[in-house]
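Novice: Can you look at this prediction? I've put the sequence above it.
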Amino acid sequence: MDELSIKIVMLLFPGIITTIFLDKFTEHKPWGNYIYSLLIIFYGILAYFTLQLIQLFCQFLHVGIDNWKEYKVVFLDSWQFVYNVSQKNEIPYSEIMWAGVVALINAMLLCRLEKTEVLSRFLQKCGITDKYGIYSVFVLMSKKYEGNYIDALFYSKNLMYRGIIDSINEKENEYELILRDVTLYRIEDSGNLKPISEMDHVCLACSYKDLILQSPNRPPSSYKW
């Protein structure tokens with residue numbers, strides 16, 4: 001690996017941190033090499049930009065509002081390093097390290113934002129979109145009832161699992177679900193449920209066409225006419 005390649009890898013280090021973190025801890029469709037590379041560049045720029053804002057804010061607090069107009073603002077050496085990356089310049093290791101710390105914090109915030117689905121809810125309330133992120137309806141249903149009881153029905157096998165959602169995962173054309181405090185029922189021809197066994201945990205992996213998710217049945221409401 002030549003010197004230029006080493007410089008580029010070092011500069012992209014914060015973006016690599018964020019991208020790998022989000023790839024590991026968020027649910028999403030598989031990223032191709034092209035998308036992966038774009039995300040590394042984007043999140044790297046975001047980390048340096050955030051670090052620059054933090055540095056400017058610290059300078060502002062140090063100088064004060066009265067002397068800010070006469071103050072010569074100090075920018076990150078990383079911007080100049082990127083501009084002259086092909087030349088023999090000293091790598092700003094300190095800034096890259098701090099940008100890596102910022103990148104990790106950004107990754108955790110983005111992960112939290114994705115988990116709480118704040119952006120999707122906001123866009124829906126604003127009428128901008130009806131699409132609820134990148135999830136399938138199975139994942140949306142599971143996330144809605146996460147920590148609560150749900151019924152997983154396999155009509156082809158006349159079986160139903162009722163348990164509390166512990167973990168979910170989505171692969172291409174496959175859905176994985178971990179339930180705890182599970183009761184397994186057999187669906188009789190009459191439609192009644194017959195308990196078969198109870199278990200602490202169960203892991204279900206199946207294609208979407210074999211599974212139906214529903215909230216546990218409740219007695220019909222009584223209406224006064």
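Specialist: Arrived safely.

Novice: and after the helix or strand of the chain with the lowest mean pLDDT, which helix or strand comes next?
Specialist: Here the helix or strand of the chain ranked lowest by mean pLDDT, DSSP states H and E is helix 137-144, holding a mean of 74. Where DSSP states H and E defines the elements, the next helix or strand beyond helix 137-144 is strand 149-154.

Novice: Contacts for that following strand next, please.
Specialist: 141-142, 159-165, 177, 179, 187, 204, 206, 210-217 (Cβ atoms under 8 Å, 6 or more residues apart in numbering). Any C-beta I mention is one placed from the backbone N, CA and C, and that applies to glycine too.

Novice: Just the buried ones among these, please.
Specialist: Among these, the ones that count as buried by 16 or more other Cβ atoms under 10 Å are 141-142, 160-165, 177, 179, 187, 204, 211, 213.

Novice: still on that earlier bit, so which of the contacts of strand 149-154 are in helices?
Specialist: 141-142 (DSSP state H).

Novice: From the contacts of strand 149-154, which land in strands?
Specialist: Among these, DSSP state E puts 159-165, 177, 179, 187, 204, 206, 212-214 in strands.

Novice: As JSON lines, the buried ones among the contacts of strand 149-154 with distance to Arg121 would be great.
Specialist: Converted to JSON lines, the buried ones among the contacts of strand 149-154 look like this (distance: Cβ to Cβ, whole Å):
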{"residue": "Met141", "distance to Arg121": "16"}
{"residue": "Ser142", "distance to Arg121": "17"}
{"residue": "Met160", "distance to Arg121": "31"}
{"residue": "Tyr161", "distance to Arg121": "29"}
{"residue": "Arg162", "distance to Arg121": "28"}
{"residue": "Gly163", "distance to Arg121": "27"}
{"residue": "Ile164", "distance to Arg121": "24"}
{"residue": "Ile165", "distance to Arg121": "20"}
{"residue": "Leu177", "distance to Arg121": "23"}
{"residue": "Leu179", "distance to Arg121": "26"}
{"residue": "Ile187", "distance to Arg121": "35"}
{"residue": "Leu204", "distance to Arg121": "28"}
{"residue": "Leu211", "distance to Arg121": "26"}
{"residue": "Leu213", "distance to Arg121": "21"}
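
Novice: Leu4: which of these is nearest?
Specialist: Taking Cβ to Cβ as the measure, Ser142 is the one of those closest to Leu4, at 46.7 Å.

Novice: Give me the nearest residue to that closest one, chain neighbours excluded.
Specialist: Ile168 (4.5 Å; Cβ to Cβ, 6 or more residues apart in numbering).
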